[in-house]
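S.K.: Give me a 3D structure for the following:
(2 chains)
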There are 2 protein chains.
Amino acid sequence: MTMQSAPNAVAQQTKWVYRFVEGTGDMKDLLGGKGAGLAEMMRAGLPVPPGFTITTGACNQYVAAGPGFMETLFAEVRANLVLLEKEAGKGFGDPQNPLLVSVRSGAKFSMPGMMDTVLNLGLNETTVLGIIAQTGNARFAYDSYRRFIQMFSNVVLGVRGENFERLLHQAKEKQGVTLDTDLTAEVLQELVGTYKRYLQNEHGITFPEDPLEQLRLSIEAVFKSWNNPRAVTYRNHNRIAHDLGTAVNIQAMVFGNMGNDSGTGVAFTRNPSTGERKLYGEFLLNAQGEDVVAGIRTPRPIVEMGDVLPEVYAQFQQIAQKLETHYRDIQDLEFTIEKGRLFMLQTRSGKRTAGAAVKIAVDMANEGIIDKAEAVQRVDPMSLNQLMHTQIDPNAPITRIAKGLPASPGAASGIVTFEADDAERLGKAGIKVVLVRTETCPDDIHGMIHAQGVLTSRGGMTSHAAVVARGMGKPCVAGCESVSVDLPGKTFTVGDVTVKEGDQITINGSTGEVILGLVPMVQPALSDEFRILLGWADQFRTLGVRANADTPEDAAKALEFGAGGIGLCRTEHMFMAQDRLPVVQAMILARNLDDRRKALGKLLPMQRQDFVQLFEMMAGLPVTIRLLDPPLHEFLPSYKDLLIEVTELRIRSNDAARLKERQALLRRVEELHESNPMMGLRGCRLGLMMPEINEMQVQAIIEAAITVSKKGIKVQPEIMIPLVGHVNELKAVKKQLEATAQEVMAHHGAQVEYRFGTMIEIPRAALTADQIAVEADFFSFGTNDLTQMTFGYSRDDAEGKFLQQYLEEKLLPANPFEILDQEGVGQLIQMAAEKGRKVKPDLKLGICGEHGGEPSSIAFAHNIGLTYVSCSPYRVPIARLAAAQAAIATEAVERDR
Amino acid sequence: MTMQSAPNAVAQQTKWVYRFVEGTGDMKDLLGGKGAGLAEMMRAGLPVPPGFTITTGACNQYVAAGPGFMETLFAEVRANLVLLEKEAGKGFGDPQNPLLVSVRSGAKFSMPGMMDTVLNLGLNETTVLGIIAQTGNARFAYDSYRRFIQMFSNVVLGVRGENFERLLHQAKEKQGVTLDTDLTAEVLQELVGTYKRYLQNEHGITFPEDPLEQLRLSIEAVFKSWNNPRAVTYRNHNRIAHDLGTAVNIQAMVFGNMGNDSGTGVAFTRNPSTGERKLYGEFLLNAQGEDVVAGIRTPRPIVEMGDVLPEVYAQFQQIAQKLETHYRDIQDLEFTIEKGRLFMLQTRSGKRTAGAAVKIAVDMANEGIIDKAEAVQRVDPMSLNQLMHTQIDPNAPITRIAKGLPASPGAASGIVTFEADDAERLGKAGIKVVLVRTETCPDDIHGMIHAQGVLTSRGGMTSHAAVVARGMGKPCVAGCESVSVDLPGKTFTVGDVTVKEGDQITINGSTGEVILGLVPMVQPALSDEFRILLGWADQFRTLGVRANADTPEDAAKALEFGAGGIGLCRTEHMFMAQDRLPVVQAMILARNLDDRRKALGKLLPMQRQDFVQLFEMMAGLPVTIRLLDPPLHEFLPSYKDLLIEVTELRIRSNDAARLKERQALLRRVEELHESNPMMGLRGCRLGLMMPEINEMQVQAIIEAAITVSKKGIKVQPEIMIPLVGHVNELKAVKKQLEATAQEVMAHHGAQVEYRFGTMIEIPRAALTADQIAVEADFFSFGTNDLTQMTFGYSRDDAEGKFLQQYLEEKLLPANPFEILDQEGVGQLIQMAAEKGRKVKPDLKLGICGEHGGEPSSIAFAHNIGLTYVSCSPYRVPIARLAAAQAAIATEAVERDR
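M.R.: As a prediction, this is how the structure comes out:
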């Protein structure tokens, strides 16, 4: 992520002012977004109140050179003002036919409300009379005048608006009224005098009568507002460069409140919620924009404009259509009707929901407005997430009581239970429950299966609860540290709120929110347009997309969403199943090889059946199976619970046999205990210390492959070794496992093809990838662990202890576990890819960390020439779209070369 | 570490045999070490029994081409045999004047006892009579013949020696004698017949009578022995290439057992234990080499040879002197005197103790035999370790009961105690104790202070015990997992051995050995030569050497050993002191900023005083102070102990107040608990989350610097930020701390200069060193953590769980925590050094991990242009010497270019 910076050309410009008719829509750098939009509409022949734009370069020059620059600039402004007077047919400061203008900031990137604006500029004691003469509405004229003084004083003179509000309030009290609109013209006229006297007496300021003086001061004020604190903060937050500057738009005012042939409104060219191709918006007769915003009157649907102002409506429809066609995107329009005459005040791309974005992109391509490549580029891949998980109805009111980590997306409601057994019992009885634990452990799996979602007060994005829930596609909020769980008491508390077992809560695993009670949900529905768009994406992308899938259910989801294979099957998740865990524990706790082999013998048929199902499901697509990876203690009972139990048994000394048994177990758990298990005995280290585990797994893979091929189904197993740091590790494991594979094939008298590859997830593996490539058919970058090691962050600890604060304080540009750190981790990946391909040009390269489903990381993978990314099934559509966008962007760059 | 490999030239040689007179001492590749040594002595005109050498190339050719090659080769051997007969004045197979030869292997690198040798070759039923005629000693002749048959059968025919031993035993039984020497000539003659019949009857082998056949078969046997399993294993272990081949030396036998004017002996040209310049060795009259080895007769000191064979002794002295001067090194000589005639059988560089190596190098330089550069190169830097710590007397018998990790070097004896309080009490009373614990924690510090050494059954090289003991310079054996400690029972057991409190043990922290009882020790004594040699080293080295020192005592040691500054002062070690730990704990456990500041306020004067002492001690040399680095839980009581205590208190429920207090503490410890503390909240992350800790430390540093400069002593503080991974971290900490420094200086109205730098110990920091260099005056590579992160190894876990096995199975070439992994970790260091220097050419670069005291790593640091290495004070001499050797090697390479 680099900051957007101003081209040097801008700073060298010497023409400081552009009339709207001189600009074009692509001059955003120079004229800002608003100025360019107005110029483009003007150029398209649409009715736009005339005006001109002072360039962003002038702003920068003012910031650099100081107020002295205003002499030069204002000469040019005055010359343009003369032309504006001609276009408007009014005179600036003309007592009979006064021209009023708005002075608005407008930077390249929209910074809503961050900088200042002055309306109705040009009013003074004489021009106000001209307005009355023209409108016959003294109340409107003096109210405009009062508002102008207030706005100008605030923006230009630095006198805070509340001082004027106080005077206004006093006036209302004196009149015995409560609404502004109940004040008469006379009272407002008097108020104008009060405002001016207040400025004179309290601040020693004589309010400027000269419209040119008003204009000059306003322009300076807008320039200065570029660097006001809130604007600086906003730019920092949104990564907008500070050297862009703002343009200033001076435009003739038009008034929608000049009777029932006047009005104002906003509209979208299509429905921004659904994407339906139908004008969508609202309007008010005899009103100004402020009135719509103030909510005093209820605006009417735009379609009703056809009844009251049929000609204007027809014209507006035409213009809307024209602008949409011109900009080739849904437009967000602002307009004013002054005495039956339509004026367009703004056009810009309209914000839309994810569903609308998909529909609009596909529709527009079908309508021939854009091509398929543009349609693919129009949708933010991450927004597809909204379409794929149950969401909380965005319009529903909620009572949020806590926020944890968004550990597994989607929302879930149910009654609170604290025990896995209860969750299972109730779940089986058809009652929706949310399982709440301090943290979960393998013993809780059955409860998780039958719960709608899981909430834990400890543990990070890779905690047991998070990993298992994501695997199950079940919503989970993890590490919600403000939640204090009292397990024996069967309650949890957050601050003053206590939630008891049986109370209803809702969790939002996409945001981490914990909400009291049940909340209306929006169910995901994959539209036809969604499938069409992804089909188009596939035509463009060159990067493969696979899914991380551990079960046949995952694999089915992956296929449904268009995965081209399984990029990561984590066999340890297969070990977590309720019926297997005791066998796995027996295997781990075995004190000798014989006992361990016995336990492994029981696991073999289960594993084999897992792989048979996966191979059958994937029917010929590649399936990458990672051998056992995590530290063994993850499969064992909690050390803490065990220690407490043993201590209790020891003191109570009423059950010597059980004490002895539990002590033995505790000792073994202690033996397996590690200071930093993330960097301890796991991955291929485990397979080298206990080869029999790997051997069982490879036997299961090869036997399953044989079984499935015998049914005439093609199989493409890819055996993957985790956590390799030195080529010797890979050599040793490969030797051992190839022997096993050969033995199994010989035993069954059958041959199956398989590939043999490695994770690249240890920095040293990336640094020595040229050596490792010699031994591997493929590399899969485990970006989760690689990020952990490259940053020296334990994710579980970092996210709870300091990462949030780092992100808030901008010590890191983004959470590196969500968005790949291209600078550091990416550098290693690119280095490894280059070193690997140098040795083995056809080396398959993939990413199988969570980054495999994150668009900027996917673009990176495409750009450095990886073969595929692999991500959770629900992220597959995101990855397909992001990969297509990356391919299109690359083509565009190459075309431009 | 690359394997030594044979130059291609050898394989292309077509001359297969070199007479000794044809060879030279530098032809080791072709002639092997022994052959080259014999040739060189021959060339120098020394009396060497004549002979010739079959080249290593012939061996390789034999291995490659098979037995057919023997035709070609043997023709050349026979031609040389004819010349040998002339030189020896004897005939091979001549019945009257038979030539006997030895056939010995001799590779480029000494592989003692790994390959085969045949002596007395040429004996048969007729030549034995010639020997009797020549010597008048039938017993000797038949004994030689019997031995020849046995040796030949074993080496060449593959009949195991024990078969012949059995026959020999039967002969002795039959004679009613117990010693070989009691067998008469007749019995031995009969035994020769028995041996031959045994070969014929049991193995169907007719023992070859033809000396040429004997010779041919022996040569083939030596060739084959190159690839026998023990030789292959030896080469693997010693990293000797398998394609070198062995040479075969055929040499006329001479006999030292032909009367009292004959003899044999071995000698060193100087004392290999002390380095004293005096012939050192022993001899036996009327004896062969075997007799010396067999230990049946006691050899006499070499000097007594002057009494019995004055002329021969004088000649030998001259030769010894000549060889030493020729080889410019202490020589290990073998000789035989045959009837008053001296023959040299071997010369090679003598193995020596570290002390002798130092003295010999310095003496030889002073004698003008070598120059200072050579003297500096002659001493293995690591061997200096022996000279600097108390060592177990290498000659003392020991009962080793266990082996753990060599966690802190040196040896210590004392009575066993299990409690820190007891260790303190006894230690204060002048009783030497060894503190034995499962593992130590900060609460044990006072016991460690008063113990001679520490033994723990858990924890690695970076465990609390290891780190603290190294800091104290106290011997420690850590992670001795075979030791089972029963704390309540006050005993520990290893297998069957139980050691009780009060029993005496000895630990060797240099090797990890645990030994029963007290053992004689050798105290370190730094000789004048030691200081002279290091002085010379300093003249050559360009790499700076600093010390890691946390206390004034460390600093004093560092200065004594010649450190040029402090490269790493770990402030956390200052926090571990007994009087400070409670304050540190209060600081950590503080629930709010006020309480934390209060505790920090108490620590400030202590820290300031630490720094005042360090600055005064180092008097103007740079002192690099690392801000607090480790995870906070390291300062807290053990979680396990606390959990047990709380559980006990809860059940017994007799002390509610204490339960409440301990529960609160337990909760806080749990809050601070991390899954992988190594990668959690520590280093600069800690300083960013709790800036007040850093601020206190910087205040202490700056105030100390002001105090000391006011005394007129120069100070060079270098403030170092640990664990930076992203430049923003360094920017933020730097901003905060520079403000503190400025404030403190303003407050005291004084200015002191300080530098501001960072550790590079996170892979990401190395990868983005160009960004980080902008913010830093110096980089210090923390190679311990960098190795952990680059390999993904938690050292504490790896060393106990898999690293030993990895090393045994050669999965890693060396322990990367001892010897820098240049390929992976070194690649990152080099990358960071280059990136950093590109941005800031004068960036100071150092290494402050343990590798800073390891010679190959120091050479690497020199080669990539680092500024300095920093290591423990005791390693400073090693580093000075290694740095000098690296500089000399670089100069040599550049000279050769």
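S.K.: drop to CA atoms for contacts and neighbour counts, all remaining ones
M.R.: Fine.
S.K.: got a list of contacts for stretch A:518-531?
M.R.: A:358-359, A:362, A:386-393, A:396, A:398, A:411, A:413-414, A:504-506 (Cα atoms under 8 Å, 6 or more residues apart in numbering or on different chains).
S.K.: Can you select the buried ones among those for me in ChimeraX?
M.R.: In ChimeraX, this line selects whichever of the contacts of stretch A:518-531 come out buried by 16 or more other Cα atoms under 10 Å in any protein chain shown:
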select /A:358,359,362,386,387,388,389,390,391,392,398,411,413,414,504,505,506
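S.K.: Among the contacts of stretch A:518-531, name the ones in strands.
M.R.: Judged by DSSP state E, these include A:391-392, A:411, A:413-414, A:504-506 as members of strands.
S.K.: With distance to chain B as new columns, can those residues be given to me in JSON lines?
M.R.: Output for those, formatted as JSON lines (distance: Cα to the nearest Cα, whole Å):
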{"residue": "A:Q391", "distance to chain B": "32"}
{"residue": "A:I392", "distance to chain B": "32"}
{"residue": "A:A411", "distance to chain B": "28"}
{"residue": "A:S413", "distance to chain B": "29"}
{"residue": "A:G414", "distance to chain B": "29"}
{"residue": "A:Q504", "distance to chain B": "28"}
{"residue": "A:I505", "distance to chain B": "26"}
{"residue": "A:T506", "distance to chain B": "26"}
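S.K.: what two of these are the furthest from one another?
M.R.: A:Q391 and A:Q504 (17.2 Å; Cα to Cα).
S.K.: Skipping its backbone neighbours, what lies nearest the residue nearest in space to the middle of chain A in space?
M.R.: Centroid check for chain A by Cα atoms, centre = their mean gives A:M382 as the closest residue, at 6.2 Å. What sits nearest to A:M382 in space, not counting adjacent residues and going by Cα to Cα, 6 or more residues apart in numbering or on different chains, is A:I878, at 6.2 Å.
S.K.: Tell me which residue in chain A sits closest to chain B.
M.R.: Here the residue of chain A nearest chain B is A:N676; by Cα to the nearest Cα that distance is 4.3 Å.
S.K.: List the contacts of that residue.
M.R.: Contacts of A:N676 by Cα under 8 Å, 6+ apart are B:675-678, B:794, B:797.
S.K.: who in the stretch 751-897 of chain A is up against chain B?
M.R.: Proximity of the stretch 751-897 of chain A to chain B, by Cα under 8 Å from any Cα of the partner chain, involves residues A:762-764, A:767-768, A:789-794, A:796-798, A:801-802, A:805, A:811-812, A:823-825, A:827.
S.K.: Is there a quick PyMOL command that grabs whichever of those residues are buried?
M.R.: Buried subset of those, written as a PyMOL selection, criterion 16+ other Cα under 10 Å:
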select buried, chain A and resi 762+763+764+767+768+789+790+791+792+793+794+796+797+798+801+802+805+811+812+824+825+827
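S.K.: I'd like to know how many residues surround the closest residue to A:K840 other than its chain neighbours.
M.R.: Using Cα to Cα, 6+ apart and skipping the chain neighbours, the partner closest in space to A:K840 is A:A773 (6.6 Å). By other Cα atoms under 10 Å in any protein chain shown, 25 other residues sit near A:A773.
S.K.: Tell me the spacing between A:A773 and A:T758.
M.R.: Note on A:A773: its distance to A:T758, by Cα to Cα, to the nearest Å, is 9 Å.
S.K.: just A:D579 next, same as before
M.R.: In terms of Cα to Cα, A:D579 sits 30 Å off from A:T758.
S.K.: Would you mind telling me which of those two has more residues around it?
M.R.: Between A:D579 and A:T758, counted using other Cα under 10 Å, the more crowded position is A:T758 (27 against 11).
S.K.: Check the contact between the residue nearest to A:K840 and A:E834; I expect there is one.
M.R.: No - in this structure, A:A773 is not within contact of A:E834 by Cα atoms under 8 Å, at 10.5 Å.
S.K.: quick one on the thing from earlier: closest to B:V155 out of the contacts of A:N676?
M.R.: B:D797 (46.9 Å).
S.K.: list the buried ones in the helix or strand harbouring A:F343?
M.R.: A:F343 belongs to strand A:341-349 when assigned by DSSP states H and E. If you call a residue buried by 16+ other Cα under 10 Å, then strand A:341-349 has these buried ones: A:341-348.
S.K.: Please apply the same query to stretch A:203-218.
M.R.: By 16+ other Cα under 10 Å, the buried positions in stretch A:203-218 come out as A:207, A:211-212, A:214-218.
S.K.: pLDDT weak spots in the stretch 451-600 of chain A?
M.R.: Judged against pLDDT under 70, the low-scoring parts of the stretch 451-600 of chain A cover residues A:462, A:471, A:525.
S.K.: For the closest residue to A:I131 other than its chain neighbours, give me its contacts.
M.R.: Closest residue in space to A:I131, ignoring its immediate chain neighbours: A:A141 at 6.1 Å, by Cα to Cα, 6+ apart. Contact partners of A:A141, counting by Cα under 8 Å, 6+ apart, are A:128-129, A:131-132.
S.K.: Of all pairs in these, which one is the farthest apart?
M.R.: Greatest spatial distance among those (Cα to Cα): A:V128 and A:I132, at 6.3 Å.
S.K.: Of these two, give the one with the bigger neighbour count.
M.R.: Legend: neighbour count by other Cα under 10 Å for A:V128 and A:I132, higher for A:V128 (23 against 16).
S.K.: name the element that one belongs to?
M.R.: Element membership for A:V128, per DSSP H and E: helix A:127-135.
S.K.: distance between that helix and the chain's centre?
M.R.: In this view, helix A:127-135 has its centroid 50 Å away from the chain centroid, taken as Cα atoms, centre = their mean, to the nearest Å.
S.K.: Please apply the same query to stretch A:451-461.
M.R.: 22 Å.
S.K.: cool, and stretch A:717-735?
M.R.: In this view, stretch A:717-735 has its centroid 37 Å away from the chain centroid, taken as Cα atoms, centre = their mean.
S.K.: Please point out which parts of it sit buried.
M.R.: A:717-731, A:733-734.
S.K.: repeat for stretch A:65-84
M.R.: Neighbour counts over stretch A:65-84 (16+ other Cα under 10 Å) mark A:70, A:73-74, A:76-77, A:80-81, A:83-84 as buried.
S.K.: In the stretch 551-700 of chain A, mark out all the helices, start to finish.
M.R.: For the stretch 551-700 of chain A, the helices defined by DSSP state H, counting those that start in this stretch cover A:552-560, A:571-575, A:581-589, A:593-618, A:639-652, A:656-672, A:684-689, A:691-710.
S.K.: of all the ones you listed, which lies closest to B:N257?
M.R.: Closest of those to B:N257 is helix A:684-689, at 56.2 Å (criterion: Cα to Cα).
S.K.: got the contact list for the closest one?
M.R.: A:628-629, A:631, A:693-694, A:721-724, A:729-730, A:732-733, B:802, B:805.
S.K.: Can you tell me which of those end up in strands?
M.R.: Among those, the members that lie in strands (by DSSP E) are A:I721.
S.K.: So which of the contacts of helix A:684-689 is the closest to A:L593?
M.R.: A:L593 lies nearest to A:I693 out of the contacts of helix A:684-689, by Cα to Cα, at 10.7 Å.
S.K.: what's the closest non-adjacent residue to that closest one?
M.R.: Leaving aside its chain neighbours, A:I693 sits nearest to A:G687 (6.5 Å; criterion: Cα to Cα, 6+ apart).
S.K.: Secondary structure of the residue nearest to A:I131: a strand, I assume?
M.R.: No - membership of A:A141 in a strand is not supported by DSSP: H, G, I helix; E, B strand; the rest coil, which gives helix.
S.K.: how much space between it and B:T353?
M.R.: Taking Cα to Cα, one finds A:A141 at 107 Å from B:T353.
S.K.: try A:R235
M.R.: Distance of A:R235 to B:T353, given as Cα to Cα: 70 Å.
S.K.: try A:F561
M.R.: A:F561 is 72 Å from B:T353, by Cα to Cα.
S.K.: Then A:I644?
M.R.: Per Cα to Cα, A:I644 is found 55 Å from B:T353.
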